[in-house]
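In: Give me a model of this one.
(chains A and B, ligands or ions: 1)
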Amino acid sequence: MSETENLTNESIADAVHAWLDANWNADLSLREWREILVDGGWATPHWPQAFFGRDFNQEQSAVVSKIFNQRGIVPVAQTGPRRLAAETILAMGNDDQKRRYLRPILTGEHSWCQLFSEPGSGSDLAGLSTKAEMIDGQWIVNGQKVWNTSAHHADFGVLVARTDFDLPKHQGISYFLIDMRQPGVEVRQLKQMNGHASFNEVFLTDAVVAANNLVGGEGNGWAVAKTTLSYERRMGGVTRSFGGLRGKRQGRVYDEYAQEVRIANEPYTWYPQRQGRVDLVLPRAQQTGAIQDPAVRQEMAKLICMSKGAMLASEAAEAKRKSGSNELVPAGSIGKLAASVIARQAAHVHTMISGADAMRSGPESAEEGMVAEVLVSVPAISIAGGTDEIQRNIIAERVLGMPTETRADTGPFRDIKRND
Amino acid sequence: MQTEFSEDQEQFRTMVSRFLQEKSQPTAVRQCMESDAGYDASVWQQLCSEVGLAGTHIPEAYGGFGFGPVELGIAAEEMGRYLYCGPFFSSAVMAAYALLHNADEAAKDALLPGIAAGTTLATLVLDSLDAPAKIGSGLAVAEGRLSGTAPLVVDAHIATQLLVIANHGAGLGLYSLPGDSSGVSVETVPALDPTRKLAKVEFAQAAVEQIGEVSADSLNTTWDFVCVALAHEMIGGARHLLDSTIEYTKMRYQFGRPIGSFQGLKHRCADLLMEVEMATAAVHHAARCLDAGEGEPYVASMVKAMASDTYMKAAKEAIQMRGGIGFTWEEDTHLWYKRAKSSEVFMGTPNLHRERMMGVIEAQGSL
Ligand SMILES: Cc1cc2nc3c(=O)[nH]c(=O)nc-3n(C[C@H](O)[C@H](O)[C@H](O)COP(=O)(O)OP(=O)(O)OC[C@H]3O[C@@H](n4cnc5c(N)ncnc54)[C@H](O)[C@@H]3O)c2cc1C
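Out: Prediction:
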């Protein structure tokens, strides 16, 4: 048993306050403050002591973050897919990788992207055909990735590529950390159906990865990728938008933080809309008088039931997980599926509330265009991070233990039928 | 407020579940449903005296165990899973809650200990099982005499004590009279769900004692507590249907493979699991809200609506995924299907409850 388990919540709270009293200073630069924060071990207290953490459990970490919120303390960088990279490196990387990459992720110095999907392999991620070969002591990568959120401003990427085309498909994959700022990497932004451009296509032409940037060993990439994906499902999406801190705060660190959030959020302003904006439903129904319509009331009530039910189910799953129950807790996939159902129902209710007004878009339309943006952004939620159909497969096979499909993709990878 | 079950509560669930697993197998359920009484008196007696279930939520001062809606919910959930047949819901849930929320001290002292012990079989006589707002038009009291008709009363045919909500001209009152009083006629009504017996009760100038006033608030509260217990029963049944259906799809072969390997079934099972998980979490939350007197004021209607839709969906899928055998009398699934259908409309349809929750939300202007 580690000694941190004996800490009481009160003693943790005292320690956080004492440390903040001694170190927090709103006039520091953002980078200076975050370096102090990360090295002090209070940024990610649930991480191991050897790597910027304190081995805290969930409850202990919650004590820390609550105090940070209350005192309006600027946190470590959280935007973009950087946290997927950080959690994967922490779980599967070697000590050298942890030392080199974790700190600049947290301080905000480096941003990251996820180079998984390809034109020929999306749901069937393990069907990927981007090739990595060891030549003269370094990995040389060739192929194309697509739908990669944040790749246009990322410094690094987590990359899956095939290192053996003769093995069965899951076995020939390796996981790399790739420097995006090199001639072999070309990024092109893609315009989405809602007009925004937060994802990209990435062309890899003799791109170079240093030998010690292989994670988990050659041929073990599938296991590492699954770590990233399960974290992604739990997070509920590749990127979350962060609204910054509440209230008006004075000081250099606040100004720089607000700017970071603004820049980072810019391509992702539509993310809340893809969740359906359940928060706007009741006020809109009241303002427009649509709340008097019995049909609208029924659909609103269904939406409220779903969104409360999903929240309560995820809390229940979390409580079971914490109490160490061995019962399979299907929180990730079920939560992701529920988010899609909720988003669709919210779009349906917004449409009912608007009536013909839903034909409009742009800043003059309902809620300064937010409702129109809901209607054209909701389709993303059931695709990004693994489609609804894939979540249903996972729930049926892994949680309910239903038998798997007959497979058409066994044997050496090079013999499997695919689109190239 | 509590967010998970305590160890004691988990043990309580295990104890109830073991008892029912032994006493309420489908063969026993079928014997009960085919009998006139609708239940096995010796199992009921054990359930009350050995396991003490009827007094779960009744305060110790009235001979109960003094637990609350959470423990009552655990018992109801397990009963729903095993489709227990007996006067638990009519007597220990409906009648006891009517007394607890509407009766004066003397009546609680007189009646609750017998209900807790299972020796009194009480039932709540309402002139409508559709909505609290509809109560009061079919039953009236004048000068201590009750007249009128309650078309659907659960377990009235075996009740030794009738508790009646009736109109006394200036509002609603709670009245009490023995089941065999003169001026009372009880006629069994054929029920869609034969595991929950129904009767029509007619009163012709029957002498009654008023034991409390029923306000709009206390009626709504009673309705809420009953609905949350019912919702527990329903999610227990839904979980049984999900589990048994998954098992069936694993062992039934067609086209040389188990039918559970077909995505057309798998995806629907995944959706069903999601709904069952959400409804279950919401129902457990509702019991904790009632227990603590906190939470969303519309939570009872929310979970009655969710449990109704989820149970019916599970029931339809359970039959469909069994094919022809699922449509037979011999296979057991239809027993849960019928319980699901009758529970869906018992104490308010899902539409009624959604409307009821929107009324609260509209008035308070927030979720
Ligand atoms: C907004 C957004 C952001 C994204 N960000 C990233 C990112 O940062 N990095 C990254 O690598 N990728 C990203 N993606 C890609 C995403 O993970 C893929 O689009 C997704 O996994 C689906 O793959 P696909 O597009 O190739 O569709 P396909 O796999 O071709 O799917 C087409 C249809 O077939 C269905 N289907 C496929 N296989 C099965 C099956 N076994 N059973 C039943 N149905 C099946 C799918 O459900 C879907 O309906 C993003 C996507 C979106 C929309």
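In: pLDDT value on residue B:15, please?
Out: Looking at residue B:15, its pLDDT stands at 97.
In: contacting residues for it?
Out: Residues in contact with residue B:15, defined by C-beta atoms under 8 Å, 6 or more residues apart in numbering or on different chains, are residue B:51. Backbone N, C-alpha and C define where each C-beta goes, glycine included.
In: do residue B:189 as well
Out: Residue B:189 is in contact with B:151-152, B:198-200, counting by C-beta under 8 Å, 6+ apart.
In: Of these, which is the nearest to residue A:107?
Out: Lowest distance from residue A:107 to the contacts of residue B:189 (C-beta to C-beta) belongs to residue B:152, with 68.3 Å.
In: How far does stretch A:206-215 sit from its chain's centre?
Out: Relative to its parent chain, stretch A:206-215 has a centroid offset of 24 Å by C-alpha atoms, centre = their mean, to the nearest Å.
In: Between the two ends of it, what distance do you get?
Out: End-to-end span of stretch A:206-215 (C-alpha to C-alpha, to the nearest Å): 20 Å.
In: ditto for stretch B:120-131
Out: For stretch B:120-131, the separation between the terminal residues is 27 Å (C-alpha to C-alpha).
In: Tell me the residue in the chain that is farthest from the middle.
Out: You didn't say which chain, so I picked chain A. Residue farthest from the centre of chain A, counting by C-alpha atoms, centre = their mean, is residue A:292 at 38.9 Å.
In: Wait, chain B was what I had in mind.
Out: Relative to the centre of chain B, and counting by C-alpha atoms, centre = their mean, the farthest-placed residue is residue B:256 at 42.7 Å.
In: Could you report the neighbour count for residue 312?
Out: You didn't pick a chain, so chain A it is. Residues near residue A:312, counting by other C-beta atoms under 10 Å in any protein chain shown, number 22.
In: Chain B is the one I meant
Out: Look at residue B:312: counted by other C-beta under 10 Å, it has 18 neighbours.
In: doesn't residue B:342 make contact with it?
Out: No: judged on C-beta atoms under 8 Å, residue B:312 makes no contact with residue B:342 at a distance of 10.6 Å.
In: gap between residue B:195 and the ligand?
Out: The gap separating residue B:195 from the ligand is 39 Å, by C-beta to the nearest ligand atom, to the nearest Å.
In: ok, now residue A:320?
Out: Taking C-beta to the nearest ligand atom, one finds residue A:320 at 28 Å from the ligand.
In: ok, that residue touching residue B:4?
Out: Yes: Residue A:320 is in contact with residue B:4 according to C-beta under 8 Å; the separation is 7.3 Å.
In: could you point out which element follows the host helix or strand of residue B:78?
Out: Per DSSP states H and E: residue B:78 is located in helix B:69-82. Counting by DSSP H and E, the element after helix B:69-82 in chain order, helix or strand, is helix B:96-102.
In: That following helix packs against which elements?
Out: Judged by 3 or more C-beta pairs under 8 Å, 6 or more residues apart in numbering or on different chains; DSSP states H and E, the packing partners of helix B:96-102 are helix B:105-117, strand B:161-167, strand B:172-178, strand B:209-214, helix B:216-251.
In: run the last query once more with 6 Å
Out: Applying 3 or more C-beta pairs under 6 Å, 6 or more residues apart in numbering or on different chains; DSSP states H and E, one finds that helix B:96-102 contacts helix B:105-117, helix B:216-251.
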